[in-house]
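Q: Return a 3D structure for these sequence lines:
(2 chains)
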Protein chains: 2
Amino acid sequence: MIVDIHTHIVPESFPAYAGSGSGDRWPSMGCCDQAHHQAVMIGGKNFREVSHHCWDTSQRLIDMAAEQVDHQVLSPMPELLSYWFDDADALRMCQHMNQTIAEMVNSAPDHFSGLGMVPMQDPELAAKEMARLKKDYSLAGIEVGTNINGKPIGDPFFEPVFAAAVEHDLAIFVHALHPAGLDRIVGPPMMAAFVAFPNENAFAAASMLSGGMLTRYPDLRMAFSHGGGGFGLVLPRMMYGWKAMGKALFEESPLTMARRLFYDTLTYDTPALQYLIDLFGMEQLMIGTDYPFIIREKEPGKRLQELELSDKELARLQSDNALRFLGQDS
Amino acid sequence: MIVDIHTHIVPESFPAYAGSGSGDRWPSMGCCDQAHHQAVMIGGKNFREVSHHCWDTSQRLIDMAAEQVDHQVLSPMPELLSYWFDDADALRMCQHMNQTIAEMVNSAPDHFSGLGMVPMQDPELAAKEMARLKKDYSLAGIEVGTNINGKPIGDPFFEPVFAAAVEHDLAIFVHALHPAGLDRIVGPPMMAAFVAFPNENAFAAASMLSGGMLTRYPDLRMAFSHGGGGFGLVLPRMMYGWKAMGKALFEESPLTMARRLFYDTLTYDTPALQYLIDLFGMEQLMIGTDYPFIIREKEPGKRLQELELSDKELARLQSDNALRFLGQDS
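A: Purely as a prediction, here's the structure:
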């Protein structure tokens, strides 16, 4: 069984803006020349042209069968997390997205699980909304950005969200968003996606350690996309600092904390994946592909075949760890 | 024989400011309570308290003997690169630093080589100064920041410097400086050094690939400190992008370009070092320690003993690659 914990969705349509405040960047759909395609318009600009693979579960099931994926975890296309809204608009968008994901999951509950979204820009409100996610939408957790309007996810400002995740038994999937350091990129525009995003993941994962949240909430089930980006090479430096400076720096060993986090296997490279497995542990890696977007990994089971794994280890990476992350392992 | 290509110096004193322009941040030395210590004052603030290990070559030779290091490559404490100066002040500081390093090297030329500094904020002026480095100072090359006042080192703006390095057979050592993403750090202030610096290295190394400079100057001898920081986990993603998009993204394979760069071994971790050797190649890694600063690696030969290396491979990592980087291999 293969569970893909990193796939995105876009709703087929967005409701018309009904608020009175922060709607300048309320998403809508524009037309495309290509059949089955639509353009997600944000702030009057074409953010991205997407295909029906984003909302059509029948199409997804066909693709999954072709690529030997049994179960997809659905989460919002990250830009739709829309952290720029005021509370009322944010709640409206969250509820539209959560409802959309819930319906997609319900169309084939054996093959889909869902991670919704909450208004992280107001952590108390987000925590309140999290209380409803299981009951009202049957969602397994939430997707969040690596930063929320520039504030890294590990900032204790977000503590109400972490407390709510533990209380309501919800998973948190962290995805790179609006990365730091865009002024340090040269070359074609796509370079930001290839360089700033993995660095952004490293900033975010490190912030979960240094902000103390993984010590206060050791049972938090949190996963980082793209194998945590560059984090796997930043962690040894944090370890070295901790060995030199001890509790002045961290309450606990950074490695101990890092091994509480989950990471997807989306490293695009077998030696890199092996390095992460050795570093983070065989229990913390899960298949993730970025389906259905361009920089995605196809047939994710194949890369694992390139590693020397026992059947039990393979089962962990293919599904057991993912089910544990989702809280579906019992 | 062990060559340490990553050690820093601070002059015992700075000349009084003699310019008329940008001297607000002209460094000076302040007193310290501790014997043999001085405080480097920049802009009226204590930037860092440093010890005589920074300028006293007799002391360095004692430490080197104790740690089995035969040869140190001396480069400026990065903050002293002083990219905030106008041309006249910058040249004056560069010449003071280059003269200081030249004298330290001349005190024991078998045990020291030097990397100086040039006014990168004016690449044409920097290139002109580079023409003097070998003749007037017997320096092997220069140290540069990962960015110069926010512009990443791979920006074609710096092309005159790369052309001059090839023309005058000079090595370039890139060191993290004023990193991007400080707003993405939470926790104790030291966290910036542990997280933002390795990410900054990744931005800089990636910029050398995506800015095209390694394609235009394939013979450039350039090294990155700290094993390139997180770059080793960013590169597979760049490779994946290149495989998907080809020449729209890069003229050449990112891996081919990355394997033209040198990296020091300062990963603080044996598996991380092994990963980098496998990725960048046995010919591109060189010992670096950050001597004499706090987050340095002691007895750098020891970590290499933990790898399974033939004598020939060990010699490459301990000295051969460094001598090739320095242009001292013939």
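Q: Let me see the ranges of the helices in the stretch 101-250 of chain A.
A: A:123-137, A:159-167, A:191, A:197-210, A:213-216, A:231-245 (DSSP state H, counting those that start in this stretch).
Q: Just the buried residues of the first one, please?
A: In this case it means helix A:123-137. A:123, A:125-127, A:129-130, A:133, A:137 (16 or more other C-beta atoms under 10 Å in any protein chain shown). All C-beta atoms are positioned from the backbone trio N, CA, C, and that covers glycine.
Q: wait, which of the helices of the stretch 101-250 of chain A is closest to A:Ile295?
A: Closest approach to A:Ile295 among these is made by helix A:197-210 (9.3 Å; C-beta to C-beta).
Q: Which residues of the stretch 201-330 of chain A lie near chain B?
A: Residues of the stretch 201-330 of chain A lying near chain B by C-beta under 8 Å from any C-beta of the partner chain: A:202-204, A:206-207, A:209-212, A:226-227, A:229-234, A:236-241, A:244-245, A:248-250, A:267-269, A:271-272, A:275, A:278-279, A:294-295.
Q: mind checking pLDDT for the residue in the stretch 151-300 of chain A that chain B sits nearest to?
A: Going by C-beta to the nearest C-beta, chain B is nearest to A:Gly230 of the stretch 151-300 of chain A, at 2.6 Å. Among the per-residue scores, A:Gly230 holds a pLDDT of 98.
Q: Which residues are in contact with the residue lying closest to it once chain neighbours are set aside?
A: Closest residue in space to A:Gly230, ignoring its immediate chain neighbours: B:Gly230 at 2.6 Å, by C-beta to C-beta, 6 or more residues apart in numbering or on different chains. By C-beta atoms under 8 Å, 6 or more residues apart in numbering or on different chains, the contact set of B:Gly230 is A:198-199, A:202, A:229-231, A:233-234, B:198-199, B:201-202.
Q: Pipe the residues you listed into a markdown table and attach distance to A:Gly19 per row.
A: Converted to a markdown table, the contacts of B:Gly230 look like this (distance: C-beta to C-beta, whole Å):
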| residue | distance to A:Gly19 |
| --- | --- |
| A:Pro198 | 35 |
| A:Asn199 | 34 |
| A:Ala202 | 36 |
| A:Gly229 | 34 |
| A:Gly230 | 38 |
| A:Phe231 | 37 |
| A:Leu233 | 43 |
| A:Val234 | 40 |
| B:Pro198 | 42 |
| B:Asn199 | 37 |
| B:Asn201 | 44 |
| B:Ala202 | 40 |
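Q: From those residues, pick the one nearest B:Tyr83.
A: Distances from B:Tyr83 to the contacts of B:Gly230, taken by C-beta to C-beta, are shortest for B:Asn201, at 17.2 Å.
Q: what about the residue lying closest to A:Pro218 once chain neighbours are set aside, neighbour count?
A: Take A:Pro218 and drop its neighbours on the chain: the residue closest to it by C-beta to C-beta, 6+ apart is A:Arg260, 6.2 Å away. Each residue near A:Arg260 was counted by other C-beta atoms under 10 Å in any protein chain shown, and the total is 20.
Q: any idea how far B:Thr57 is from A:Arg260?
A: To B:Thr57, A:Arg260 is 47 Å away according to C-beta to C-beta, to the nearest Å.
Q: What's the per-residue pLDDT of the closest residue to A:Tyr217 other than its chain neighbours here?
A: Closest residue to A:Tyr217 apart from its sequence neighbours, by C-beta to C-beta, 6+ apart: A:Phe162 at 4.7 Å. pLDDT recorded at A:Phe162 is 98.
Q: contacting residues for A:Phe162?
A: A:172, A:213, A:216-217, A:220.
Q: repeat that with 7 Å
A: A:213, A:217, A:220 (C-beta atoms under 7 Å, 6 or more residues apart in numbering or on different chains).
Q: residues touching the second one, list them.
A: By C-beta under 7 Å, 6+ apart, the contact list for A:Tyr217 reads A:162-163, A:166.
Q: can you do 8 Å?
A: A:162-163, A:165-166.
Q: Same question for the last one.
A: For A:Leu220, the contacting residues are A:162, A:165-166, A:172, A:213-214, A:260, by C-beta under 8 Å, 6+ apart.
Q: Equivalent analysis for the first one, please.
A: Listed by C-beta under 8 Å, 6+ apart, the contact set of A:Met213 reads A:154, A:156, A:158-159, A:162, A:220.
Q: Residue in the stretch 1-150 of chain A with the shortest distance to chain B?
A: Closest point on the stretch 1-150 of chain A to chain B, by C-beta to the nearest C-beta, is A:Gly150, at 5.8 Å.
Q: returning to that earlier point: from the contacts of B:Gly230, which single one is nearest B:Arg303?
A: Out of the contacts of B:Gly230, the member with the shortest distance to B:Arg303 (by C-beta to C-beta) is A:Leu233, at 15.5 Å.
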